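**Q** this one's structure only:
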């Protein structure tokens, strides 16, 4: 079972996992056979030795708090999640700078938020789909361009807080898709009458209703992670951990 341990004195973080005691294998060539030497290790015990006499506490990771700058499958990236000791909540930065190095954890006294940097329509996808569906009627390119400009103008006046998040997932965790709300939809349809007439308008109206909830007309918002740190206060003497705390950790192992 994984445990997130914080040294209160140093604000250092250690993630205790079952892999901490796995040995390392060092290879060396000794022709004609290749030999391996097993090196025993216990990362958690090393952490305890480095922080002997310090106060340690276990943090609980807050569910669904993980945010990342890159796809979760990317090995080299910076991620953040929230954890609590039952009284306060903190931010933990998880990162590695090279693929060969182990993950590092950094304690941050503060919080983080996601700031929307912009919201846009998927103009290439819309233009492509219009070209496919209206191939027979051959809507002039000028009208397609006018429709795209109108849709961008609709996006400029809507409030993202009123939009429903779509289930579509993006490879980039900081890109989120939203559905156009009813007010935006009504504004779009009303102004389409200035571009399309007769059957063309009926066709574009059907197109909008058909794709308003799928990947074609979804709006893409791009976010940025903003970390805010609390001002660090000068620490006094932190009492060392009492034996019962270490006993509890040993029992959880």
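**A** That came in fine, so what should we check first? This structure is a prediction, so every number in the text was calculated from the model and none was measured.
**Q** Provide the strand pairings for the helix or strand where residue 80 lies, with the direction of each partner.
**A** Taking DSSP states H and E as the criterion, residue 80 maps to strand 78-84. The strands beside strand 78-84 in its sheet (DSSP bridges) come out as strand 56-61 (antiparallel), strand 67-68 (antiparallel), strand 89-95 (antiparallel).
**Q** where exactly do the strands run in the protein?
**A** For the chain, the strands defined by DSSP state E occupy 3-7, 12-16, 24-30, 33-39, 56-61, 67-68, 78-84, 89-95, 104-108, 110-120, 164-165, 175-179, 219-229.
**Q** can you tell me the average pLDDT over the second one?
**A** Per-region confidence: strand 12-16 scores 92 on mean pLDDT.
**Q** same for that strand, what does it pack against?
**A** With contacts taken as 3 or more Cβ pairs under 8 Å, 6 or more residues apart in numbering; DSSP states H and E, strand 12-16 sits against strand 3-7, helix 43-50, strand 104-108. (Each C-beta comes from the backbone N, C-alpha and C, glycine too.)
**Q** among these, which is the most enclosed?
**A** strand 3-7 (a mean of 19; mean count of other Cβ atoms under 10 Å).
**Q** Quick check: residue 132 vs residue 159, distance?
**A** Between residue 132 and residue 159 the distance is 32 Å, computed by Cβ to Cβ, to the nearest Å.
**Q** ignore the last one, residue 220
**A** Distance from residue 220 to residue 159, counting by Cβ to Cβ: 16 Å.
**Q** Need the pLDDT of the closest residue in space to residue 7 that isn't next to it in sequence.
**A** Sequence neighbours aside, residue 51 is the residue nearest to residue 7 in space, at 4.6 Å (criterion: Cβ to Cβ, 6 or more residues apart in numbering). For residue 51, the pLDDT comes out at 94.
**Q** Please apply the same query to residue 32.
**A** 49.
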